[in-house]
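> dropping the sequence and predicted coords here.
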Amino acid sequence: MSPLFRGVRQALHHLKLRLFPVQNPWTRLPLEAPLAFYGDGARRGFDWVFEGDSAITVASFDELVQWLDGCTYDTDRRLFQEDDFWQHPSTFEHLRRGDCEDFALWAWRKMVEIGIDAELVIGRRIPPGSANSRHAWIVFHDDNAEFVFEPVCRDRELAVRRLAAARDEYVPEFGVSRDRRRFFFAGYAYFLQNRHLGAARESSVGSQESLASQ
């Protein structure tokens, strides 16, 4: 895809999303999210996450959580001298260190492999726009209920919660289904609209100050 076509496609996506009426940020939108929207670390697509053999075998969600308990949070800058680097799950299994995307990518692959209907989610913690608010986590379905799973969290009661109880702490923006289908959440439309409104307010204030000084 040429840079010109990519830029036009991105502009059309932004236009559609700015016009979308946001009532629930968790609504999944019938638009395919371009890979580049997921961050600089999303360089190879999501089929790549499932490529190659895994050295770790888990038979249940509890075993998955138990293995993650032995892993350590660390930044991309410290580990790889990059601001955003996504480890392949096999690399994460070797290092057992990484940031929220690395924990989430490994957990997502393992959950899908053992038959759990899990989605990888990229978005923001509340309040959006605060330092380090960009985040990755898992949403999964079980017994007709939706749950939020925080792979980096060591407290089991906080790591797994019903979406209904945790939803106000997140603004989901992009998701990937178990079959690697990419999609937008309405939370990204919410982010674009609020950013656009904020810029308009700043422009309005600047114009008023300019007029007042004349």
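Looks like it arrived, so ask away.
> residue contacts, the nearest residue to R181 once chain neighbours are set aside?
In space, and not counting its chain neighbours, R181 is closest to E32: 7.7 Å by C-beta to C-beta, 6 or more residues apart in numbering. (C-beta placed from N, C-alpha, C; glycine too.) Contacts here follow C-beta atoms under 8 Å, 6 or more residues apart in numbering; on that basis E32 touches R181, R182, F183.
> equivalent analysis for Q66, please.
Taking C-beta under 8 Å, 6+ apart, one finds nothing in contact with Q66.
> and stretch 81-100, what's its mean pLDDT?
For stretch 81-100, mean pLDDT is 97.
> returning to what we had before: and the residue nearest to R181, which of the three is it?
coil (DSSP: H, G, I helix; E, B strand; the rest coil).
> ok, it to C71 distance?
32 Å (C-beta to C-beta, to the nearest Å).
> repeat that for H94.
11 Å.
> who touches the residue nearest the centre of the chain in this structure?
Centroid-nearest residue in the chain: I122, 0.7 Å away (criterion: C-alpha atoms, centre = their mean). Counting by C-beta under 8 Å, 6+ apart, I122 touches Y38, G39, E101, R134, H135, A136, P172, E173, F174, G175.
> at 7 Å what do you get?
Residues near I122 by C-beta atoms under 7 Å, 6 or more residues apart in numbering: Y38, G39, A136, E173, F174.
> which one of these is nearest to S90?
Ranked by distance to S90 (C-beta to C-beta), the contacts of I122 are led by A136 at 18.1 Å.
> helix, strand or coil: sort out the closest one for me.
Classification of A136 using three-state DSSP returns strand.
> ok, now the one 10 residues further on?
Following three-state DSSP, the label given to E146 is strand.
> next, count neighbours for it.
For E146, the count of nearby residues is 16 (other C-beta atoms under 10 Å).
> and the closest residue to it other than its chain neighbours, its phi and psi?
Closest residue to E146 apart from its sequence neighbours, by C-beta to C-beta, 6+ apart: L163 at 4.0 Å. Reported as degrees, to the nearest 10, the phi and psi values for L163 are phi -60, psi -40.
> what distance do you get for S177 to D83?
Taking C-beta to C-beta, one finds S177 at 27 Å from D83.
> then I114?
On the measure of C-beta to C-beta, I114 and D83 end up 32 Å apart.
> who's more crowded, those two?
I114 (15 against 11).
> can you pull the contacts of the more buried one?
By C-beta under 7 Å, 6+ apart, I114 lies in contact with V58, A59, S60.
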